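Enquirer: Show me how the following folds:
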Amino acid sequence: MIRKATLLAALSAALLAPLVAATPDTAAAKASRQGISLSIASITPDVPDSQTDVIKFTGTLRNDTGAPLSGLRVRLRYTGQKFTDRALMAAYATDPNPATLPGKASFSSAMDIPPLAAGAQARWEFTATPVQLEYRSFGVYPIAVDVAQNGIPATQVAPQRTYLTYAPPTVPKVPRNKLAIALPVIDQPHRATDVNPSPDAKGAALFVDDKLSQAITGKGRLADIARIAQVAPSEATWFIEPSLLDDLSMMTKNYQVKAKDSVTAKPANTEAGQWLTAMRTSLADSPVVAVPYADPDIAALAHKGLDDQTNKAIQLGGQKARALLGRNDVKTTVNWPAAGVLDADALDLLSVSDDKVNKVLLNSTNLPPQPPVAFTPDAASTIDSVNGPVTALVADPELSRLFEPAGPTSVLLSTQRFIAETAMISAEPGQTQPRSLVIAPSRRWDPNPALVSALMKTADRLPWLRLTTLDSIKPGKASVPRAGLTYTEQDRKEELSAKYLTPVKDLAAKAQLTSLITKARTPSSFDAAVLRATSSAWRNSTRMGRAVTKLVDSAVVERIDRVQITGTGPDRLRTLAGTNGVVPISVKNSLGTDIALYIDVRSNDPDLLQVDYSQQEPMTINAGQSGMVQVEMKATPGTSGDATVTVQLRTADNKAYGKPQRLTIRTTGYTGIASVIVGAALTVMLAAVVLRVLRRRSERKLARTAKNRERATV
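Expert: Numbering: from 1, shown residues only. Below you'll find the predicted structure:
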């Protein structure tokens, strides 16, 4: 009894240690610096279930002191007291204090090491039974292997701590909990626009980097994920980001990579096609969820006024994933948000999408139990959204960390920890109903294929676990009350900022114009490009995200400028003869599709010039053609000179398209005084003409009279 109290006191004190999985390789490295390195290679069986089972322990001891050593003995440390909860297990794993090692050092389960030369390595092996280890009931027990020299614990070598789960038959049977494993295939966007907009590129895909070439080959991150997919159980649920598939698909043809001011041509990448084929084959029988295209930062979009991008991302993501994986059953109704956290605004945005997201996968900090519980809560819960209830699945943090350790680790010791954690959950006091558990490593994980494969294989054979798909986990009788979505100030700070998203918002508005101007109102060809600029990947790389945004913006502006008002500029005067008339305005369509638009003309000098023009229906201009309207204008009586008008193209939705253009109109109307002067001048001229006519008639009459007199005289 005293021994039990001593162990519990030591383990309770160890709870102050950080709850981070210990890495045996780190301990081994520390031991190596001190001169001797100790490692455990195997424990078989890893789950003894009978008092008479012979448990075999093997490993190695290496002498790096630079001098021969003798009198070394490797021994097993054990106790018959099992852990009472998972917190004590976590504390034990990270406690560096030798005093908290299991209190008994076995004399029968030990091995003397022959004199060990400098740099030499010896293999050790010994056995034990549950009876010898004083195991009496189902549970998880702490064990360790240490080194003694001449009967005294060797301080220059770190002992190796681990767990042993004893699982004899129980009455009633230990509950068999459901376990779902979510595995992400999420990267960052590697393109800005879909293709290089330059005419010389001939439609080649334009990448902003060539990182995928390394990621899908050798020991690259995506290559490792593909290896895991080949051996993963069919129950594992895969979250695949469609823009990654899209990028790799474009790499199967000739493509280009932009680096600063240069563009490098790349040949078709055969490994990209092989990776896609391998994933299609490996996941043929597994459930697949399409992450919204480009993995946008949905919380930031909800908070910064870019709501419509979320629905576009979900729709486009589903379309691309189904097409590139060659299957129609890819789901889009499950969402795994950035960092596994969201707030009510983001949840509402997801719930009102066309596909109506009805399930979210969350980090445990985002939806804690309320009140707190001393046991492992069921993974499934229900939360309310503006569009009705949504199922929330909360990933177990410790099990998820085992799939993605913080540093190098031993596959064996991680497996022992996994067995222990899941067994402890099943043995927690008060459990009568099977519970559901979810494992979800970080969304852009860099996995160890050997470790992940071993853990999944182990999960599939443990009698207290039942592997299942994520979709099959629903709230049930074992669910516990939760506090609601907990979204901290730090979570908000992690989002893409308003400073970053403001130009993205402007870009999205301009990109939409390229769709609204078309007669058929087809979706914008820049939808995918805009979504890449909203990716949550840029949370930690805003510089790259801004570069992507600028590239897309340049391409959108170039597309908008293909529809232009012709004949503008300060040196292109339009003359209005007299006080009124019509001025032709021409629009050229250099796009490859028909457009429909309105032309809005307004006078900038209404005191000099009035515009009388209205358009009842949009004007259609065929691809490669020009359209013209005649705009009536009227100069104010008594004025003359130059006036300007602003011409703005507008879409059928009355949205301004492109920049407004100014036209200079020269009027030639006369003023009132000028009219009087002209009238008087005309009167004088007319009088002079009349006088000249009368004078000429008088002169002709006098000439005829004189001539008649001469004839009479003769």
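
Enquirer: make it CA atoms for all contacts and neighbour counts henceforth
Expert: Fine.

Enquirer: and Leu183, which of the three is it?
Expert: Three-state call for Leu183 (DSSP: H, G, I helix; E, B strand; the rest coil): strand.

Enquirer: Show me the beta-bridge partners of the residue lying closest to it once chain neighbours are set aside.
Expert: Of all residues not flanking Leu183 in the chain, Trp238 sits nearest, at 4.9 Å (Cα to Cα, 6 or more residues apart in numbering). When bridges are called by DSSP bridges, Trp238 pairs up with Leu183, Val288.

Enquirer: Which pLDDT value does the model give Trp238?
Expert: Looking at Trp238, its pLDDT reads 98.

Enquirer: Need the CA coordinates for stretch 270-285. PDB is fine.
Expert: The C-alpha trace of stretch 270-285 is given here as PDB (Å, rounded to 0.1, in the frame of the first residue of the first chain):
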ATOM      1  CA  THR A 270       6.200  12.000 -65.700                       C
ATOM      2  CA  GLU A 271       6.400  11.700 -61.900                       C
ATOM      3  CA  ALA A 272       3.400  14.000 -61.600                       C
ATOM      4  CA  GLY A 273       1.300  11.600 -63.700                       C
ATOM      5  CA  GLN A 274       2.600   8.600 -61.700                       C
ATOM      6  CA  TRP A 275       1.700  10.200 -58.400                       C
ATOM      7  CA  LEU A 276      -1.800  11.000 -59.600                       C
ATOM      8  CA  THR A 277      -2.300   7.400 -60.900                       C
ATOM      9  CA  ALA A 278      -1.000   6.000 -57.600                       C
ATOM     10  CA  MET A 279      -3.400   8.100 -55.500                       C
ATOM     11  CA  ARG A 280      -6.400   7.200 -57.700                       C
ATOM     12  CA  THR A 281      -5.600   3.500 -57.400                       C
ATOM     13  CA  SER A 282      -4.800   3.600 -53.700                       C
ATOM     14  CA  LEU A 283      -7.900   5.600 -52.700                       C
ATOM     15  CA  ALA A 284     -10.300   3.800 -55.000                       C
ATOM     16  CA  ASP A 285     -12.100   2.100 -52.100                       C
END
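
Enquirer: what's that stretch in contact with?
Expert: Stretch 270-285 has contacts (Cα atoms under 8 Å, 6 or more residues apart in numbering) with 213, 216-217, 223, 226, 229-230, 234, 245, 248-249, 251-252, 325-326.

Enquirer: coming back round to it: Ala321 is in contact with the residue nearest to Leu183, correct?
Expert: No. If you go by Cα atoms under 8 Å, Trp238 and Ala321 don't touch, sitting 11.9 Å apart.

Enquirer: who's more crowded, those two?
Expert: Comparing Trp238 with Ala321 by other Cα atoms under 10 Å, the one with more neighbours is Ala321, at 29 against 23.

Enquirer: Okay, now the unreliable bits of this structure?
Expert: Along the chain, the model assigns pLDDT under 70 to residues 1-34, 201, 569-572, 577, 669-714.

Enquirer: How about the residue nearest in space to the middle of the chain, nearest residue that isn't a chain neighbour?
Expert: Centroid check for the chain by Cα atoms, centre = their mean gives Asp295 as the closest residue, at 2.4 Å. Excluding the flanking residues, the one nearest Asp295 by Cα to Cα, 6+ apart is Ser535, at 5.2 Å.

Enquirer: Quick one: the strands in the stretch 601-714 of the chain, in order.
Expert: Ranges of strands in the stretch 601-714 of the chain, per DSSP state E, counting those that start in this stretch, are 609-612, 619-621, 626-635, 641-650, 656-667.

Enquirer: I'd like the ones you listed written out as JSON lines, with mean neighbour count added.
Expert: Formatted as JSON lines, the strands of the stretch 601-714 of the chain follow (neighbours: other Cα atoms under 10 Å):
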{"stretch": "strand 609-612", "mean neighbour count": "19"}
{"stretch": "strand 619-621", "mean neighbour count": "19"}
{"stretch": "strand 626-635", "mean neighbour count": "17"}
{"stretch": "strand 641-650", "mean neighbour count": "19"}
{"stretch": "strand 656-667", "mean neighbour count": "19"}
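
Enquirer: among the ones you listed, which is nearest Arg77?
Expert: Closest to Arg77 of these, according to Cα to Cα: strand 656-667, at 77.2 Å.

Enquirer: just the angle between that closest one and strand 626-635, please?
Expert: 50 degrees (axes from the mean of the first three to the mean of the last three Cα atoms, to 10 degrees).

Enquirer: Tell me what angle strand 656-667 forms with strand 641-650.
Expert: 160 degrees.

Enquirer: who does strand 656-667 touch, helix- and strand-wise?
Expert: The contact analysis (3 or more Cα pairs under 8 Å, 6 or more residues apart in numbering; DSSP states H and E) places strand 656-667 against strand 573-576, strand 641-650.

Enquirer: Can you lay out the ones you listed as TSV showing distance to Leu72?
Expert: Shown next, in TSV, are the helices and strands packed on strand 656-667 (distance: least, Cα to Cα, whole Å):
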stretch	distance to Leu72
strand 573-576	101
strand 641-650	87
